[in-house]
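Q: What shape does this take:
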Amino acid sequence: MPHDKLALRMVAAVPFWNVVFSIALLLSRLVQGQDDATCVHMGDTAALSCGLTLTGGLALQTLQWRKEGLTPNNLVAGYLAGTVTEGPAYTGRVTVNATGFLHLTNVTQADLGTYRCGSVTLSDFSAPPDVENLMAEAGQPTIINSPNDATINATDSITLTCTAEPGCPPAQPNWVQVPTTDKFSKTNGILIIYNVTKNSTATYKCAVENTLGREERQMKLTVQYPPGLLSVQLVYNIAVDKLDSSVLQLKVSVDAFPAPSIIWKKNDKVLQRSTDQFLDVTVETSNSGTYTCTAENILGSISCGNFEVTMTDWKVKVVISVSSVAGAGGIAAVAYIFYRKMRKGQTTDSPKAPSDIQLTPKFGLKVQIQWTAESKLPHKILYRPEGSDSWTEMKVTTDNYPCYRRIIDFPQEGNYEVCVLVTNGRGVSDKSHIVRIAVKASPRPGEADMSVSPLHGSNTSKSDVVFMITEGQSQLQMKGKLAPIEKDKLSPGKKVKKKKKRKKLNDVQPSDEDVKPMD
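A: All right, here's what the predicted structure looks like:
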């Protein structure tokens, strides 16, 4: 205890020569809660009362103050008709007034102990009973015992005990932080919590306090409880252009301590066992099925529900059935439908390239490519010169699904390789079989392939030419003259008349002398 204060206490007693009280006993009484002590600082003056009430002209005649364990004769001070006699150990430090109060100055550790006021006589010859005083060192209270952190199961009860040295003035420990919802009782530093729940998990605080100071101790109580289902949720994350990134998340919220293990199953086959309260399911038709969830810890288990998942090219349908949700009771057959953000005919399966590619030469360097598509997934045409490693790409729209026809305009004559690819969010298909074609310039249908060369022979004018006209298997030789081009007709700024539309080959009517059979 600190040495800066003393405590004085008075109790009724029989004459001191017949009764012996020990300091230990008195201290024990003080610990048990007697709070009538008076405290003073060390070095100050202590005043001990003899408990006399002098009225009606009564006067104190005799009195003796003694201290247990003091030698010789335990005498502290005596009083006789106004004269004070000091004990040998208290010379110059004690006085006794006419009401019997003992004043002890400059109190020291040696002065602590049990004092008795006895041998009292009054002017009416009466003899009041003796009075006992305890002079004890003052100080703040201290906690000497408090519970450690504890973990218990739900529905159990627990007793928390906090004890303290009371100090002077004496004080009793008290639980100052207690449950807000549970049933409990507390007295003299003992807290009992009945039928604990998960809400009993908290930090509890015990404190003891007097005018000289305060001390606190705290302990943490943790309550274990079995799983309880709070909610069920679906989260649908879909990427428009990356179907392999589309995920259906089955999500539950389970409350339990210790943290529960969540077991996810599909068609009774375990998919995942962890503390994660969700399951990510890639959106593809093969993942349709019955998904179940169970949460368990050391105190029990609970079904989180059944999820009937149906995935098609067009939508994802989930039907949830759960037995109970905290505060909501049973819920059954709640259906959710998510429409997939895909083009008509799009699937989540790996794409397949077409197998019926056909190439048909057209006019010039143009070639028609044709195939039958299985779905409206994006298609691409690839072509390259034979022997090259670099492909040229053409994107294909889905306007004339399922029979695709496109024109490839090759840059020059030569041998080429052509194939088709199909793409979707799961990737790119293998190339279709490669079709090879020799590209050679050809005329437009209905146009003539004409060649011109001068006639040979001495009787032919230099301006005469032969027009060699070929169409299909037919060939005609026509003679004509070339007229000179007048320079002024090509002068700048002069409008040039549009050429007349060329007559079809069948409309040409050559004369007999101009048409000669070919050799």
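Q: Tell me where the stretch 1-150 of the chain is predicted with low confidence.
A: 1-38 (pLDDT under 70).
Q: And the strands in it?
A: Secondary structure of the stretch 1-150 of the chain, counting by DSSP state E, counting those that start in this stretch: strands at 6-8, 10-13, 38-40, 46-48, 60-67, 75-80, 83-86, 94-96, 102-104, 113-122, 130-137, 142-145, 150-153.
Q: Do I have it right that Tyr115 meets Lys67?
A: Yes - applying Cβ atoms under 8 Å as the test, Tyr115 and Lys67 come out as touching, 5.3 Å apart. From N, CA and C alone the C-beta is placed, and that goes for glycine too.
Q: Let me know the distance separating Thr83 from Thr95.
A: 11 Å (Cβ to Cβ, to the nearest Å).
Q: what about this structure, any weak spots by pLDDT?
A: Applying pLDDT under 70 to the chain flags the ranges 1-38, 181, 237-245, 313-314, 323-336, 338-351, 398, 424-427, 444-519.
Q: can you tell me which strand in it is longest?
A: When the chain is parsed with DSSP state E, its longest strand is strand 213-237.
Q: What residues of stretch 153-164 count as buried?
A: Under the neighbour-count criterion of 16 or more other Cβ atoms under 10 Å, stretch 153-164 has 154, 158, 160, 162-164 buried.
Q: Out of these, which is nearest to Leu48?
A: Nearest to Leu48 among these, counting by Cβ to Cβ, is Ala164 at 26.9 Å.
Q: quick revisit: who's more crowded, Tyr115 and Lys67?
A: Neighbours were counted for Tyr115 and for Lys67 using other Cβ atoms under 10 Å; Tyr115 has more, 26 against 23.
Q: Which residue is the nearest non-sequential neighbour of that one?
A: Of all residues not flanking Tyr115 in the chain, Asn133 sits nearest, at 4.4 Å (Cβ to Cβ, 6 or more residues apart in numbering).
Q: ditto for Ile152
A: Ile158 (5.7 Å).
Q: got the contact list for that neighbour?
A: The contact partners of Ile158, taken as Cβ atoms under 8 Å, 6 or more residues apart in numbering, are 150, 152, 192-193, 196, 221.
Q: now those: which count as buried?
A: 152, 193, 196, 221.
Q: Name the nearest of the residues you listed relative to Val318.
A: Nearest to Val318 among the buried ones among the contacts of Ile158, with distances taken as Cβ to Cβ, is Val196, at 38.4 Å.
Q: these two touch, right, the closest one and Thr151?
A: No - between Val196 and Thr151 there is no contact under Cβ under 8 Å: 10.8 Å.
Q: which neighbours do the two share?
A: 221, 223.
Q: Could you save the buried residues of stretch 153-164 as TSV and add columns showing distance to Glu137 and secondary structure?
A: Output for these, formatted as TSV (distance: Cβ to Cβ, whole Å; DSSP: H, G, I helix; E, B strand; the rest coil):
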residue	distance to Glu137	secondary structure
Ala154	47	coil
Ile158	36	strand
Leu160	30	strand
Cys162	23	coil
Thr163	20	strand
Ala164	16	strand
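Q: so which of those residues comes closest to Gln412?
A: Nearest to Gln412 among the buried residues of stretch 153-164, with distances taken as Cβ to Cβ, is Ala154, at 84.6 Å.
Q: picking that back up, and the next helix or strand past the longest strand of the chain?
A: Scanning forward in sequence from strand 213-237 by DSSP states H and E, the next helix or strand is strand 247-257.
Q: got a list of contacts for the helix or strand just after that next one?
A: For strand 247-257, the succeeding helix or strand toward the C-terminus, using DSSP H and E, is strand 261-266. With contacts defined as Cβ under 8 Å, 6+ apart, strand 261-266 is touched by 250, 252, 254, 270-277, 279, 287, 289-297, 304.
Q: strands paired with strand 261-266, and their directions?
A: Applying DSSP bridges, strand 261-266 is found paired with strand 269-274 (antiparallel), strand 289-297 (antiparallel).
Q: need the helices for the protein, in chain order.
A: Here the chain has its helices, by DSSP state H, at 23-31.
Q: Number of residues surrounding the residue nearest to Tyr115?
A: The number of residues packed near Asn133 is 27, by other Cβ under 10 Å.
Q: again with Val420
A: When neighbours are counted by other Cβ under 10 Å, Val420 comes out with 25.
Q: List the residues that contact it.
A: Val420 neighbours (Cβ under 8 Å, 6+ apart): 353-354, 357, 369, 371, 379-382, 431-432.
Q: Recalculate using a threshold of 10 Å.
A: The neighbours of Val420, taking Cβ atoms under 10 Å, 6 or more residues apart in numbering as the test, are 353-355, 357, 369, 371, 373, 379-382, 394, 396, 404, 406, 429, 431-435.
Q: Inside strands: which ones of those residues?
A: Taking DSSP E, the ones among the contacts of Val420 that sit in strands are 369, 371, 379-382, 394, 396, 404, 406, 435.
Q: check contacts around Glu209.
A: By Cβ under 10 Å, 6+ apart, the contact set of Glu209 is 140-141, 164, 167, 171-174, 176, 215-216.
Q: try Asn174
A: Neighbours of Asn174 in contact, by Cβ under 10 Å, 6+ apart: 162, 164, 186-189, 191, 205-209.
Q: rewinding a little: between the buried residues of stretch 153-164, which sits nearest Pro88?
A: Minimum distance to Pro88 across those is 38.7 Å, recorded for Ala164 (Cβ to Cβ).
Q: roughly how far apart are that closest one and Pro141?
A: 5 Å.
Q: Ile298 too?
A: Distance of Ile298 to Pro141, computed by Cβ to Cβ: 41 Å.
Q: do the same with Lys352
A: As for Lys352, its distance to Pro141 is 86 Å (criterion: Cβ to Cβ).
Q: next one: Gly414
A: For Gly414, the distance to Pro141 - Cβ to Cβ - is 105 Å.
Q: Looking at the two now, which is surrounded by more residues?
A: Under the neighbour definition other Cβ under 10 Å, Gly414 and Pro141 were set side by side, and Pro141 has more, 24 against 14.
Q: ok, the more buried one - contacts?
A: Pro141 makes contact with 1, 164-173, 207-210, 212-215, according to Cβ under 10 Å, 6+ apart.
Q: Just the buried ones out of these, please.
A: 1, 164-173, 207-210, 212, 215.
Q: Can I get the strands of the stretch 1-150 of the chain in a markdown table including distance to Pro260?
A: Formatted as a markdown table, the strands of the stretch 1-150 of the chain follow (distance: least, Cβ to Cβ, whole Å):
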| stretch | distance to Pro260 |
| --- | --- |
| strand 6-8 | 57 |
| strand 10-13 | 61 |
| strand 38-40 | 56 |
| strand 46-48 | 65 |
| strand 60-67 | 69 |
| strand 75-80 | 73 |
| strand 83-86 | 79 |
| strand 94-96 | 75 |
| strand 102-104 | 69 |
| strand 113-122 | 63 |
| strand 130-137 | 56 |
| strand 142-145 | 36 |
| strand 150-153 | 15 |
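Q: For Thr180, which of these is the nearest?
A: Comparing these by Cβ to Cβ, strand 150-153 comes nearest, at 18.0 Å.
Q: Who are the packing partners of the closest one?
A: strand 158-161, strand 213-237 (3 or more Cβ pairs under 10 Å, 6 or more residues apart in numbering; DSSP states H and E).
Q: partners of that strand in the sheet?
A: Using DSSP bridges, strand 150-153 pairs in its sheet with strand 213-237 (parallel).
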